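Participant: Sequence below, structure please.
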Amino acid sequence: MGIYSLIPPLVVVILGIITRRAFEPLLVGCLVGFLMISPSGFPGNFVEAMTKTLQNEDMVWVILVCGLYGSLIHLIIQSGSVMAFGDYLLRYVKNRRSSLLVSWLMGVVIFIDDYMSALATGVTMRKITDNYKVSREMLAFMVSATAAPVCLLIPMSTWSIYCGSLLESNHVVEKGQAFQGFVNTIPFMFYPWAITMLALLVGLGFFPLTGRLKAAEAAAVNSAGTAGASGNPIGNQVHTGKSGAIHFLLPLGVLIAATLMLNKDALKGVLVGVSFTYFYYWITGVMKFEAVSEGVFDGFKTMIVALAILTMSYILKRVGDEMGLTPYVIDSVRPVLSKNMLPMIVFLALSFISYTTASSWGLYAVALPIVVPLAQAVGANVWLSLAAVFSSGAFGSQASFFSDVTVLTSNSTECSNVQLSFAQFPYSLMALAIAAILFLFCGFIY
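Facilitator: Numbering: from 1, shown residues only. Purely as a prediction, here's the structure:
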């Protein structure tokens, strides 16, 4: 459909800015897309797409992972162990700067999965940053900037495993060389490097505040109470006096260890984590049997809104595929391509698609079969071009107001996804510009 394929994602972005909502713009964008694809087949084609999306193996995996992470985090919060861990950390966190540094470091340390990083870091650091009147927008920015980006900088995450498998399936590397292939792209992951370091500088006060984030910080500092913002909190802390910092650290330790030992499978890891936490809290008397059982379901329910948004984003991705969005964008820039310009153009074009569709992994699957032969054909550096593709997905995941990580971050930090998106967007654009310049420079150097 050529240029008309841009209409659905543009509808989503415009409505999102106007309404400051996530689900409704996505729904309208999907409806507009399917109406354009087949007026006579509407709304049957939309219903069919929704059915197929919910039956998709990847979508089922995401629903289970998100839901079970919600269950685990809800249990940890409800047990009061987060409060106890926060009290423990407060002994060592002495000011606003150190509270933000700890938030940043925790996001880096929990590198195994972006969902786990977004949920665990946000929930853990809420009380600590509130104590020093840090705005929820600032905390959410720290969490968001160290979720997906860090997963692309450390080759032991769910993102690195997935990207490595794509390198094998697209014959970029031989079977069994996925790990080394992915490592070759890490030095060129310019957007993840830029946004992660920019967040650190902002948190430490070495980079000026601007826009909505500056206003949010000023309001938080001048407030009489805590810096809490509106959002959809995951669970309520009920401190029984029986829980301590160990009841927070041990479940997360089991979660990380299980994920690493089970071939870095996030679903298997969280299944073990939830099961361990269930019996651990019950047997040690931290929570009663009825409370821990109900907590599993209550936690899963807290992710319903996030899962609804994710489902719509998957359907929007299907709309883009049927309308030929990605091939159109790439074909549009093909006439101006050269081996020197290719990495930068690929990065900017796919970043636009990733931002407007909130697609990262799906975008990788579509773009790699196009970009790899294109880079080989024009003589561009393949590793640099691959890093451009992967970096674009990090931009969409971190910057888009309806991406999965943005939604999870807003839940864990009690800051609405639209507030977060507006607050961090200037810094996302700065990191985007830095990355684009570096891709252009390295395109000539390599």
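
Participant: Tell me where the model's unsure across the protein.
Facilitator: For the chain, the stretches with pLDDT under 70 are 17, 20, 22, 224-241, 306, 310, 329-330, 333-334, 336.

Participant: for it, which helix is longest?
Facilitator: helix 417-445 (DSSP state H).

Participant: which helices and strands sit right next to it?
Facilitator: helix 136-145, helix 190-204, helix 211-222, helix 342-357, helix 382-399, helix 404-413 (3 or more CB pairs under 8 Å, 6 or more residues apart in numbering; DSSP states H and E). Heads up, the C-betas are built off the backbone N, CA and C, glycines and all.

Participant: Which positions within the third one qualify as buried?
Facilitator: For helix 211-222, the neighbour count (16 or more other CB atoms under 10 Å) marks 212-214, 216-217, 220 as buried.

Participant: can you tell me which of these lies nearest to residue 156?
Facilitator: Residue 156 lies nearest to residue 213 out of the buried residues of helix 211-222, by CB to CB, at 31.0 Å.

Participant: quick one: the nearest residue to that closest one once chain neighbours are set aside from residue 212, how far?
Facilitator: Using CB to CB, 6 or more residues apart in numbering and skipping residues adjacent in sequence, the residue nearest residue 213 is residue 423, 4.3 Å away. As judged by CB to CB, to the nearest Å, residue 423 and residue 212 stand 4 Å apart.

Participant: Now name the helix or strand holding residue 166.
Facilitator: Assigned by DSSP states H and E, residue 166 belongs to helix 158-169.

Participant: how about that helix: buried residues?
Facilitator: Per 16+ other CB under 10 Å, helix 158-169 contains these buried residues: 158-164, 166-167.

Participant: cool, and stretch 247-254?
Facilitator: Neighbour count says stretch 247-254 has 247-248, 250-252, 254 buried, by 16+ other CB under 10 Å.

Participant: What about these, which are in helices?
Facilitator: Going by DSSP H, the helices hold 247-248, 250-252, 254 from the buried residues of stretch 247-254.

Participant: got the angle between the helix holding residue 166 and helix 190-204?
Facilitator: 170 degrees (axes from the mean of the first three to the mean of the last three CA atoms, to 10 degrees).

Participant: any idea how far helix 158-169 is from the chain center?
Facilitator: 17 Å (CA atoms, centre = their mean, to the nearest Å).

Participant: returning to what we had before: turn the ones in helices among the buried residues of stretch 247-254 into TSV, columns for distance to residue 171.
Facilitator: Shown next, in TSV, are these (distance: CB to CB, whole Å):
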residue	distance to residue 171
247	48
248	45
250	43
251	41
252	38
254	38
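
Participant: nearest to residue 332, of the residues you listed?
Facilitator: So of these, ranked by how close each gets to residue 332 (CB to CB), first place is residue 252, at 45.4 Å.

Participant: What distance do you get for the closest residue to residue 177 other than its chain neighbours to residue 264?
Facilitator: Nearest residue to residue 177, sequence neighbours excluded (CB to CB, 6+ apart): residue 168, at 7.4 Å. Separation of residue 168 from residue 264 (CB to CB): 15 Å.

Participant: ditto for residue 19
Facilitator: Counting by CB to CB, the gap from residue 19 to residue 264 is 38 Å.

Participant: Looking at the two, which has the bigger crowd around it?
Facilitator: Set residue 19 next to residue 264 and count neighbours by other CB atoms under 10 Å: residue 264 wins out with 18 against 13.

Participant: Give the helix, strand or coil label for the more buried one.
Facilitator: Here residue 264 takes the coil state, with states given by DSSP: H, G, I helix; E, B strand; the rest coil.

Participant: State the phi and psi torsions of it.
Facilitator: phi 60, psi 30 (degrees, to the nearest 10).

Participant: residues contacting it?
Facilitator: 112, 156-158, 161 (CB atoms under 8 Å, 6 or more residues apart in numbering).

Participant: just the helices in the stretch 51-200 of the chain please.
Facilitator: For the stretch 51-200 of the chain, the helices defined by DSSP state H, counting those that start in this stretch cover 57-78, 81-90, 96-109, 114-131, 136-145, 148-151, 158-169, 178-185, 190-204.

Participant: Number of residues surrounding residue 402?
Facilitator: With other CB under 10 Å as criterion, residue 402 counts 27.

Participant: Isn't it up against residue 313?
Facilitator: Yes - taking contacts as CB atoms under 8 Å, residue 402 lies within contact range of residue 313: 6.1 Å.

Participant: Now for these two: what residues contact both?
Facilitator: Common neighbours of residue 402 and residue 313 (CB under 8 Å, 6+ apart) are 26, 358.

Participant: what's the closest non-adjacent residue to residue 378?
Facilitator: Residue 378 sits nearest to residue 339 (CB to CB, 6+ apart), 4.5 Å away.
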